[in-house]
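Chemist: got a predicted structure plus its sequence, pasted below:
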Amino acid sequence: MALFARSYKPYAFGAFGKPTMPYIRNALAANRVVCSFDSKGALSGGAIFTETRANLIHHDFSQRECLISRGSLYVRHLAVNPDNAVAAIGSLIEQLCSRAESAPLWLEIHEENRSLREIQERFGFRYVMTKIMASSDIRGLYFKGPTSVKLAPLRRSDIPSLLCLQTEFLSKKEMSNILNELNKYASCRPAWTQHYSHYNKRKSWTAFSLRGYCPGDPGFVAKPAEMSKQWKLENPKLLENVCDNTSAAASFPVSMRVVNRIPGAKERVRFMRLGPAGGELARHADITDREAGTHDGRVVRLHIPLLTHQDVLFEGWGLRGEHQKMHFAAGGLYYLDQRKPHRVLNRSSLERIHLVVDTYSSQVLRDLMC
């Protein structure tokens, strides 16, 4: 357990990303663990596997399917001491191949662990696809066997994490009018509501809806389908709601005209405010929203910055663990793939306000992204 904790620490962000002591005990008892040792007899690597008793379907972040056939040997957890990683992985793979005999061998590892990726590729594993966990872990699925594995290629629009679509989407007049609408609306009522998410650090993230799933309450910013099971049990009627303009929309005619310039039918439309001096959305991935994506009928998230500063940065992580930082400049139109890990930090002394538009994807929109 200590070996996995050390190896996974930089790459596992959720409570369930690392194998627990009971999980390891059960795997040892079932003879589903192989280990490697260094020259002094100290544990240098470990792999926990299963022998699949039925065909398994794994999905990547875009919902592509990959079949792991019955009888395959599937390694869900692998950890090594980085000081002698090559020797450790070589020993583990030799033992795994011996266990698998002629059966296919599958391996899942953190894509951000580049050294581990490179080493296991040297031993004949080939990348198949990327799975993104709700915890924002980026897990690559790899295959080693006598045949090859082919999936339908990803769309080009599924590759970017952060992207500027248009640098001057808003005119200066539109910008001024939207801010006037916002100031007028917020001065007459308590407009901003704390965002419900666990990644809202220091309660610095607030929002309200122009379109949402509770039209009579602009402060309801959630999407019922992506909420927890407990929330769904406690709010069954809200699960029946459809997205529509809220009571606030009538106070924002310029904002709504701008929203309607964006291609596609709209889902949620929200103003989002991030507080100054350390306002933060911690690293997360909105992978629980099964409607998100760039295929027709899926939902794409776009940001229109209204008030911001150079010290407000978005961070995004790509499918192979690439790390990207970008400032979303005021008046532009930006794409964020919310299915992939992302983070926002406001180090400036000013609050940041964006108009965030969720719109249904189309070829017109994909052309802007590619």
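Modeler: Cool, the structure landed. Bear in mind the structure is a predicted one, so any value in this text is a computation, not a measurement.
Chemist: what is the rounded mean pLDDT of stretch 87-98?
Modeler: Here stretch 87-98 scores 94 as its mean pLDDT.
Chemist: report the distance from it to the chain centre.
Modeler: Relative to the chain's own centre, stretch 87-98 is displaced by 32 Å; criterion: Cα atoms, centre = their mean, to the nearest Å.
Chemist: and if you look at stretch 130-147?
Modeler: In terms of Cα atoms, centre = their mean, the gap separating the centre of stretch 130-147 from the centre of its chain is 14 Å.
Chemist: repeat that for stretch 107-115.
Modeler: Distance of stretch 107-115 from its chain centroid, counting by Cα atoms, centre = their mean, is 16 Å.
Chemist: show me what residue 313 is bridged to.
Modeler: For residue 313, the beta-bridge partners under DSSP bridges are residue 345.
Chemist: any idea of the pLDDT on it?
Modeler: 97.
Chemist: counting neighbours, what do you get for it?
Modeler: 16 (other Cβ atoms under 10 Å). Where you see a C-beta, it was placed from the backbone N, CA and C, and this is true even at glycine.
Chemist: can you pull out the helices in the stretch 201-350 of the chain?
Modeler: Using DSSP state H, counting those that start in this stretch, the helices of the stretch 201-350 of the chain run over residues 229-234, 253-261.
Chemist: point out the most buried one among those helices.
Modeler: Greatest average neighbour count among those goes to helix 253-261 (a mean of 16), per mean count of other Cβ atoms under 10 Å.
Chemist: who does that helix touch, helix- and strand-wise?
Modeler: With contacts taken as 3 or more Cβ pairs under 8 Å, 6 or more residues apart in numbering; DSSP states H and E, helix 253-261 sits against helix 172-188, strand 205-212, strand 266-274, strand 352-360.
Chemist: other residues contacting it?
Modeler: For helix 253-261, contacts defined as Cβ atoms under 8 Å, 6 or more residues apart in numbering pick out 169-170, 174, 177-178, 181-182, 210, 245, 249, 266, 269, 304, 355, 357.
Chemist: what distance do you get for the closest residue to residue 159 other than its chain neighbours to residue 109?
Modeler: Leaving aside its sequence neighbours, residue 159 sits nearest to residue 319 (Cβ to Cβ, 6 or more residues apart in numbering; 7.2 Å). Residue 319 sits 14 Å away from residue 109, going by Cβ to Cβ, to the nearest Å.
Chemist: thinking again about what came up before, now the helices and strands packed on helix 253-261 as JSON lines including mean neighbour count?
Modeler: Putting the helices and strands packed on helix 253-261 into JSON lines (neighbours: other Cβ atoms under 10 Å) gives the following:
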{"stretch": "helix 172-188", "mean neighbour count": "14"}
{"stretch": "strand 205-212", "mean neighbour count": "24"}
{"stretch": "strand 266-274", "mean neighbour count": "23"}
{"stretch": "strand 352-360", "mean neighbour count": "21"}
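Chemist: select, out of those, the one closest to residue 46.
Modeler: Taking Cβ to Cβ, strand 205-212 is the member of those nearest to residue 46, at 39.2 Å.
Chemist: average pLDDT for the closest one?
Modeler: The pLDDT scores in strand 205-212 average 97.
Chemist: hang on, the earlier thing: could you verify my assumption that the residue nearest to residue 159 touches residue 131?
Modeler: No: the criterion here is Cβ atoms under 8 Å, and residue 319 misses it with residue 131 at 9.9 Å.
Chemist: which of the helices and strands packed on helix 253-261 sits closest to residue 78?
Modeler: So among the helices and strands packed on helix 253-261, strand 205-212 is nearest, using Cβ to Cβ, at 35.8 Å.
Chemist: the closest one pairs with which strands, parallel or anti?
Modeler: Applying DSSP bridges, strand 205-212 is found paired with strand 193-194 (antiparallel), strand 244-245 (antiparallel), strand 266-274 (antiparallel).
Chemist: dump the longest one to PDB, keeping only the CA atoms.
Modeler: Read that as strand 266-274. Extracted in PDB, the C-alpha atoms of strand 266-274 (Å, rounded to 0.1, in the frame of the first residue of the first chain):
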ATOM      1  CA  LYS A 266     -28.600  26.500 -25.900                       C
ATOM      2  CA  GLU A 267     -28.500  24.500 -22.700                       C
ATOM      3  CA  ARG A 268     -27.500  26.300 -19.500                       C
ATOM      4  CA  VAL A 269     -26.400  29.900 -19.700                       C
ATOM      5  CA  ARG A 270     -24.800  31.300 -16.500                       C
ATOM      6  CA  PHE A 271     -22.800  34.300 -15.200                       C
ATOM      7  CA  MET A 272     -19.900  32.900 -13.200                       C
ATOM      8  CA  ARG A 273     -17.900  35.000 -10.800                       C
ATOM      9  CA  LEU A 274     -14.600  34.000  -9.200                       C
END
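Chemist: domains in the chain, by residue range?
Modeler: Following automatic domain parsing, one gets these domains for the chain: 2-153, 157-369.
Chemist: report the distance from the shortest one to the chain centre.
Modeler: Spelled out, it's domain 2-153. On Cα atoms, centre = their mean, the centre of domain 2-153 falls 21 Å from the chain's centre.
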